[in-house]
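Undergrad: any chance you could fold what I've pasted below:
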Amino acid sequence: MEHSTLQGWPFQRYLEAGGTWVVRSHFVEYLRPAFEGDTLRVATWVNDLEAPRSNRRYVFWRTGEDRPVVRAQTLWVFVDMESGRPSPVPDDLASAFTLAPDEAAVYAELGLDTSMSRSGS
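TA: Residues are numbered from 1 along each chain as shown. This next block holds a predicted model:
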């Protein structure tokens, strides 16, 4: 919700629009161990938006390192709050998020090892 709120879509706006995102599936890939006491950073971005579905990706890494420890993806579906059925994504919602389809470019921007990105594998 924090990212959505920063993009001008707090929960109240979803209520007014009559729709919201629900999770269809998660994929998590554990690349290397993380330990108690590690400080992890996370980045997330919208990979694509093909209404009513959208993929959001995540990468976690240790502070001070450039190799991811986890990468993940969530498939979201926009649904009508009353019926629970998939619903068209409002144009102003779709345009609120910048798409980042090139995972290797995101990794490079974050200063991470691009050999770990899906598109760089």
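
Undergrad: nearest the geometric middle of the chain, what residue?
TA: Nearest residue to the geometric centre of the chain (CA atoms, centre = their mean): R56, 2.6 Å.

Undergrad: okay, and that residue sits in which element?
TA: Using DSSP states H and E, R56 sits within strand 53-62.

Undergrad: can you name every helix or strand that that strand contacts?
TA: Judged by 3 or more CB pairs under 8 Å, 6 or more residues apart in numbering; DSSP states H and E, strand 53-62 is in contact with strand 40-50, strand 68-80, helix 103-110. Backbone N, C-alpha and C define where each C-beta goes, glycine included.

Undergrad: quick one: which of those is nearest R32?
TA: Taking CB to CB, strand 68-80 is the member of those nearest to R32, at 5.1 Å.

Undergrad: and the next element down the chain from that closest one?
TA: In the C-terminal direction from strand 68-80 (assignment by DSSP H and E), the next one is helix 91-94.

Undergrad: shouldn't V46 be in contact with T98?
TA: Yes. The pair V46 / T98 is scored as a contact, 7.2 Å apart, by CB atoms under 8 Å.
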